[in-house]
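Q: Please find the sequence and the predicted model below.
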Number of protein chains: 2
Amino acid sequence: MTQVRVRRSTTSARQDAPRAPLFDPVERDPAYTRVAAAIEAKILARELKAGDPLPAETDLAQQFRVHRSTVREALRRLESAGLIKRPAGAKRMVVSRPAAAQLASGMRHALVLHDVTFVEVWEAMMVIEPEVAALAATRRSQADLSAMIAAHEAFKASPKGDPQAVEIVARFFEILGTASRNQVLVLAKQSLTRALAPSLARMIDSVPQARSRIVDAQKRIIAAVREKNAEEARRWMSKHVRDFKRGYEVAGISPDTPIGM
Amino acid sequence: MTQVRVRRSTTSARQDAPRAPLFDPVERDPAYTRVAAAIEAKILARELKAGDPLPAETDLAQQFRVHRSTVREALRRLESAGLIKRPAGAKRMVVSRPAAAQLASGMRHALVLHDVTFVEVWEAMMVIEPEVAALAATRRSQADLSAMIAAHEAFKASPKGDPQAVEIVARFFEILGTASRNQVLVLAKQSLTRALAPSLARMIDSVPQARSRIVDAQKRIIAAVREKNAEEARRWMSKHVRDFKRGYEVAGISPDTPIGM
DNA sequence: GGTTGTCCCATTGTCCGACAATCGGACCGG
DNA sequence: CCGGTCCGATTGTCGGACAATGGGACAACC
C-alpha cells in the first residue's frame, strides 16, 4: 500500500517515462495462495503423482500451521486449476492431471470475454485442422480409422434436428486429433471446436445442405486417412473447414459475431 | 452415493453395453460450486462487466444465504479461473477477463503433467507460427513493425549469458502474434512459447551459434513483414522454428525430453 | 492549490470451534 | 462370497471473532 514514490527533487515534473523502479513491490500474498503454491509445486514436481489421495484437510492445516478454512481455500484454487479433483462420490481429494475439458472451458471463457469473433476462431481452425489431418493420415492406427468411421456413421444416422449432431462432429475432429499423436495439438483443437460448437449447432440447423456437405467431407477425409495420404487429408480438411464459413454466410450469420452466442 | 443399479432380473448378466440410464445421477454439488457457478454465469452474461467491483463477501454471503467461508471458497475458484482478480494492493475483488498468461500457465500445467515432449510442442509451433507470421505480414501496422524491430534490437543487445534473452525472444513472437490480429492464435502461441521457454533457455546457452541464427532469422522475418510479403514471412518463420529443433539436437537434448525441464 | 496527517468504517485474511452428513471400512450372519 | 450394521474419519457448512488494512473524508499545513 501507499507506494513509495521516488521523485527528482530539482526539475521537471516530466510526464513519467517508465523509469527504473528502484524498489520491487514487496510481496505479501495471503496464506491460501502460498499453501496452494506449495501443493502445486509438489504436484508439478511429481512428488504427488496423479491418482494419489491428498492428505485430509485437517492434516494439511496442521502441517502448514494454518486453519482448515485457509487450506480449503487453497484447495478450491487447485481444484479449479484441475490439479486436484474429487472422483464423483468420493470423499478424499485426489491429485489429477488437468483434462482437456478443463483447458477448453478456460479457453472458452477467455474467448467469450474477449469478444473473440467467429472468424478468429475459424481462422485458427484453418491453420490447425488441415495440418492435424495431415499428421493423422501418416500416423493413424487401425483403431483410429475404425473410430473415425464409427463417428462418421453416427453422424449420418443422427436425425434431422438432432442437437447431438454437433457433438458427433466434434468427436470426429477429436478422433482425428488423437490420431495425430500430438497432445498439444489435441488440446488446442479441442478448445476451438468447443468454442465453436454452440454457434455451429445453429448453423447446421438452419442450412439444409450443411449435413450432406459434412458427410461428404468426412468421407473424403476418411478415405485419405485410410490410404495414409497426408496431402489429400490436408486438402479435404481445408475444404471442410472452409465450408463451415460458407455455412455461416449462407445462414446469414455475420463473421464478426462474437462467440458468446 | 450408492448408485442405484438397474438389472434385468430374468436373463443375461450380459457385459454391459452402454444401456439407457433410466435415471440420471442426482446432482448434489457443494454450495461453493453453485455460488461460483452463479457468479460465473453473471460474468459470462456480461451482467458483471470486466472492471466492475464484486460485492463484498458479506453481501454475497447474505444474498446467497450461505456462510462467508463458503463464498470465499467460491471466490478462490473464480480467482484461479481468472474471472476475478484483486488489482495489486486493492481490497475489493474486481471482475476481469482471463489474461493470456492465465491460459498459458494452465496449459503449461497440462503439458508438464501429461509428459508432453519437446517435439510435440515444437510440432505445434511448426503448424502455427509460420501461418501467424504470414497473417502478421499482411495485417501488421506500423506500430507492430516498430515493436518487432525494438525487440530484435533488444535481443542483439542482450549480453551473452543473459537469462532474459529467452524472454526477449518470446516477446518477439508475441508481437508477431498481436500483429496477426487474431486473439485466438495469440493465446495458442503464447501457451506454446511459455511452455518451451525454460528448455529453450538451456538450448540457447549451450549452443554458441544459436544467437546469431536467431538474429538472422528475426532480421529476415522483419524484412518480410515490412514488405507485407506473407509468403516470405511464412518461409522464414518456418526455417526459424525448424532451427530450434536443430539447436536442441546440437545441444544434445533429446526430442523426447518432457517439457518439465 | 496540492500535499500530508489523522480518524473512522468497511472489508478482507485468518482463526476458533461446532455439527450434520456421509464415506470407508471393519465386523457379522447367512 | 454377499448383503446388512456399526463406527470413526472427513468433508461441507455454519456461527462468530479479531487484527490488519484499504478507502475515504476532513483537517492542517506548505
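A: That came through, no problem.

Q: which residues of the stretch 1-150 of chain A fall in strands?
A: Applying DSSP state E, counting those that start in this stretch to the stretch 1-150 of chain A gives strands spanning A:84-85, A:94-95.

Q: Pick the most deeply packed of those.
A: Of all the strands of the stretch 1-150 of chain A, strand A:84-85 has the most neighbours on average by mean count of other CB atoms under 10 Å in any protein chain shown, namely a mean of 21. Heads up, the C-betas are built off the backbone N, CA and C, glycines and all.

Q: Now for A:T117: which residues touch it?
A: A:P255, A:D256, A:T257, A:P258, A:I259 (CB atoms under 8 Å, 6 or more residues apart in numbering or on different chains).

Q: repeat that with 6 Å
A: Going by CB atoms under 6 Å, 6 or more residues apart in numbering or on different chains, A:T117 touches A:D256, A:P258.

Q: same thing with A:A195?
A: A:R108, A:L111, A:V121, A:I259.

Q: now the third one: how far from B:V184?
A: Yep, that's A:V121 we're talking about. Using CB to CB, to the nearest Å, A:V121 is found at 5 Å from B:V184.

Q: Compare the strands of the stretch 1-150 of chain A and report which one is nearest to chain B.
A: Chain B lies closest to strand A:94-95 among those, at 9.2 Å (CB to the nearest CB).

Q: residues near the closest residue to A:A38 other than its chain neighbours, how many?
A: The shortest distance from A:A38 to any non-neighbouring residue, by CB to CB, 6 or more residues apart in numbering or on different chains, is to A:F64 (7.3 Å). Residues near A:F64, counting by other CB atoms under 10 Å in any protein chain shown, number 17.

Q: repeat for A:P25
A: 10.

Q: Quick check: it vs B:K91, distance?
A: Distance from A:P25 to B:K91, by CB to CB: 16 Å.

Q: how about the residues of chain A that lie near DNA strand D?
A: Contact residues, chain A versus DNA strand D (CB under 7 Å from any atom of the strand): A:1-2, A:54, A:56-59, A:68-69, A:72, A:86, A:91-93.

Q: out of those residues, who's nearest B:R246?
A: If you rank those by distance to B:R246 using CB to CB, A:L54 comes first, at 42.7 Å.

Q: and the closest residue to the closest one other than its chain neighbours, what does it touch?
A: Distances taken as CB to CB, 6+ apart place A:M93 nearest to A:L54, at 4.4 Å, with adjacent residues excluded. Going by CB under 6 Å, 6+ apart, A:M93 touches A:L54, A:I84, A:R86.

Q: Look up how far A:I84 lies from A:L78.
A: Taken as CB to CB, the span from A:L78 to A:I84 is 5 Å.

Q: from memory A:A165 sits against A:K156, does it?
A: No - here A:A165 lies out of contact with A:K156, judged by CB atoms under 6 Å, at a distance of 10.2 Å.

Q: what mean pLDDT would you report for stretch A:221-232?
A: Taken as a whole, stretch A:221-232 carries a mean pLDDT of 97.

Q: which other residues reach that stretch?
A: With CB under 6 Å, 6+ apart as the criterion, stretch A:221-232 contacts A:A134, A:A136, A:A137, A:T138, A:R140, A:L145, A:M148, A:A233, A:W236, A:M237.

Q: Export it to CSV, keeping only CA atoms.
A: Only the C-alpha atoms of stretch A:221-232 are listed here, as CSV (Å, rounded to 0.1, in the frame of the first residue of the first chain):
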residue,chain,number,x,y,z
ILE,A,221,-11.1,-37.3,-45.2
ILE,A,222,-11.6,-40.8,-44.0
ALA,A,223,-10.5,-42.1,-47.4
ALA,A,224,-7.4,-40.0,-47.4
VAL,A,225,-6.5,-41.1,-43.8
ARG,A,226,-7.1,-44.7,-44.7
GLU,A,227,-4.6,-44.5,-47.5
LYS,A,228,-2.2,-42.5,-45.3
ASN,A,229,-2.3,-39.8,-47.9
ALA,A,230,-1.3,-36.7,-45.9
GLU,A,231,-1.6,-34.3,-48.8
GLU,A,232,-5.1,-35.4,-49.6
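
Q: Quick check: the residue of the stretch 151-261 of chain A nearest DNA strand D.
A: Nearest residue of the stretch 151-261 of chain A to DNA strand D, counting by CB to the nearest atom of the strand: A:R194, 26.5 Å away.

Q: burial count for that residue?
A: 19.

Q: and what of A:L145?
A: A:L145, neighbours per other CB under 10 Å, totals 17.

Q: for the one 5 residues further on, same thing?
A: If you count neighbours by other CB under 10 Å, A:A150 ends up with 14.

Q: got it, and A:D256?
A: When neighbours are counted by other CB under 10 Å, A:D256 comes out with 10.

Q: which ones among the contacts of stretch A:221-232 are found in helices?
A: The helices, defined by DSSP state H, take in A:A134, A:A136, A:A137, A:T138, A:L145, A:M148, A:A233, A:W236, A:M237 from these.

Q: What score does the second one have for pLDDT?
A: When you say that, I think you mean A:A136. So A:A136 comes in at 97 (pLDDT).

Q: show me the contacts for the residue lying closest to it once chain neighbours are set aside.
A: Excluding its sequence neighbours, the residue lying closest to A:A136 (CB to CB, 6+ apart) is A:A179, at 3.8 Å. By CB under 6 Å, 6+ apart, the contact list for A:A179 reads A:A136, A:R140, A:D144.
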